[in-house]
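Q: Mind folding the following:
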Amino acid sequence: MAKALRSLAGQVVAITGGARGIGRATAAALIRQGARVAIGDIDASLVERTAQELGSSTIGLPVDVTDAESFEDFLQQVEAKLGPLDVLINNAGIMPIGPFLEETDATTRRMVDINLNGVVYGSRLALTRFTARRRGHLVNVASIAGKAGTAGGATYCATKHAVIGLCEALRLELRGSGVDLSVVIPIGVNTELYSGVTQLRGVKTPEPEDVAKAIVGALQTARFEVYVPKRMVVPILLSALLPRRVAEPIGRLIRADQTLLEPNHSARAAYEVRLAELITAAEEPADGAEEPQTQAV
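A: Below is the predicted model:
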């Protein structure tokens, strides 16, 4: 008999990187399930506008996931406005791509701060609440890049490998705590973050709504490891079992070696401009820094 799905009606959910892409789609999907949703993003005006567009009393709040105090303030505001937190979805992330030796130190710092430190901070802050109550569900959005290194995305892959490792360790620590944990592992998704990227041969690029559906399913079933699309678990398992001399030619056959190394920069221009602003602002003194655009995936 199939296990009964958990109801998400009335659940208080906070989503980082919620102003666009996967975060926005996930918020919309959870609203349809009856959840009470708060979206957070570093772009205060955009996140407020997105919340208004989503409706259903969704709230949009500014948050800088690279600052633990900002993250804590975000969660405190969510709980003050909506009630005790039931779910945190760590979704904020950025993906600067290109040859490793051409990556600046500032780009490296920003990627690690958002993609990894932001997840660490959010996980700790949420789990402190959840373990005290012996309930709650933490969802960390990783990437298929966290399962296999990809040329052109060395640091990005490193951050996503780290997120998956974090989740594997936390799963063991949380055993018997009453708290659930899921790690969501999509291939490249049709968002601005993935714009201009070479598509994998024979693999359809999922939409943000596909990832949102998978996240909803994870919350309903408490599934730990969630691939999008589901069938990606097979090549990942095979690549782990096959000798490297066999696995690498298969990767070349589906163009996995080109995915991040040879992007269409014209198609990616708008995203790269926003990334440059985000990275530059992070390096400026706090008093003179301009508001970065977004951390949303």
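Q: surely residue 5 meets residue 220?
A: Yes - proximity of residue 5 to residue 220 meets the contact threshold set by C-beta atoms under 8 Å, at 4.0 Å. Every residue, glycine included, has its C-beta placed from N, CA and C.
Q: More neighbours: these two, which one.
A: Between residue 5 and residue 220, counted using other C-beta atoms under 10 Å, the more crowded position is residue 220 (15 against 12).
Q: element containing that one, please.
A: helix 208-221 (DSSP states H and E).
Q: Which neighbouring elements make contact with that helix?
A: helix 21-32, strand 137-141, strand 180-186, strand 225-228 (3 or more C-beta pairs under 8 Å, 6 or more residues apart in numbering; DSSP states H and E).
Q: and these as JSON lines, adding mean pLDDT?
A: Below are the helices and strands packed on helix 208-221 laid out as JSON lines (pLDDT from 0 to 100):
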{"stretch": "helix 21-32", "mean pLDDT": "98"}
{"stretch": "strand 137-141", "mean pLDDT": "98"}
{"stretch": "strand 180-186", "mean pLDDT": "98"}
{"stretch": "strand 225-228", "mean pLDDT": "96"}
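Q: Residue 84 is nearest to which of these?
A: strand 137-141 (12.8 Å; C-beta to C-beta).
Q: Kindly export that closest one (C-alpha atoms) in CSV.
A: Once non-C-alpha atoms are left out, strand 137-141 reads as follows in CSV (Å, rounded to 0.1, in the frame of the first residue of the first chain):
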residue,chain,number,x,y,z
HIS,A,137,11.7,19.7,7.5
LEU,A,138,14.9,21.2,6.0
VAL,A,139,15.2,21.1,2.2
ASN,A,140,18.6,22.0,0.6
VAL,A,141,18.7,22.5,-3.1
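Q: Note down every partner strand of that strand and its orientation.
A: strand 87-90 (parallel), strand 180-186 (parallel) (DSSP bridges).
Q: what sits up against it?
A: Contacts to strand 137-141, defined as C-beta atoms under 8 Å, 6 or more residues apart in numbering, come from residues 22, 86-91, 93, 119, 123, 126-127, 130, 163, 166-167, 170, 179-184, 186, 211, 215, 218-219, 222, 297.
Q: I'd like to know which elements the helix or strand following it is packed against.
A: Later in the chain than strand 137-141, the nearest helix or strand by DSSP H and E is helix 154-173. Using 3+ C-beta pairs under 8 Å, 6+ apart as the contact definition, the elements that helix 154-173 packs against are helix 105-111, helix 118-133, strand 137-141, strand 180-186.
Q: All set, thanks.
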